[in-house]
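Trainee: Have a look at this fold, sequence not included:
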């Protein structure tokens, strides 16, 4: 599997796991009277991973297009 496919696949699975984790934690926290402090900070590490892989996937078509223009491939 090449680098682009690996990033795309990991971004998809990370987003699914992140969404499920946030939903489950939110439900658990709503059942408690006083939520723990770590609950507010726990989504940040996977959110940063999603941000970086998402930015990479967003910029990928533009970088490929620019690279192809320099090589004289395509329009």
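Mentor: Looks like it came in fine. Just so you know, these numbers come straight off a predicted model, no measurement behind them.

Trainee: Pick out the residue nearest the middle of this protein.
Mentor: Centre of the chain computed as the mean C-alpha position; nearest residue by Cα atoms, centre = their mean is residue 50, 1.8 Å away.

Trainee: What ranges does this protein have for its helices?
Mentor: Along the chain, the stretches classed as helices by DSSP state H are 3-30, 38-41, 44-71.

Trainee: and the first one, what other elements does it pack with?
Mentor: Read that as helix 3-30. Where contact means 3 or more Cβ pairs under 8 Å, 6 or more residues apart in numbering; DSSP states H and E, helix 3-30 is packed against helix 44-71. (C-beta placed from N, C-alpha, C; glycine too.)

Trainee: Buried residues in the helix it packs on, which are they?
Mentor: Of all the residues in helix 44-71, those buried under the rule 16 or more other Cβ atoms under 10 Å are 46, 50, 53.

Trainee: Closest one of those to residue 26?
Mentor: Residue 26 lies nearest to residue 46 out of these, by Cβ to Cβ, at 14.6 Å.

Trainee: pretty sure that closest one contacts residue 19?
Mentor: No. With the criterion set as Cβ atoms under 8 Å, residue 46 and residue 19 do not qualify as a contacting pair; they are 9.9 Å apart.

Trainee: For the helix or strand of the chain with the lowest mean pLDDT, which outside residues touch it?
Mentor: Among the secondary structure pieces of the chain, namely its helices and strands, helix 38-41 has the lowest mean (mean pLDDT, DSSP states H and E), a mean of 74. In this structure, residues lying in contact with helix 38-41 by Cβ atoms under 8 Å, 6 or more residues apart in numbering are 25, 29.
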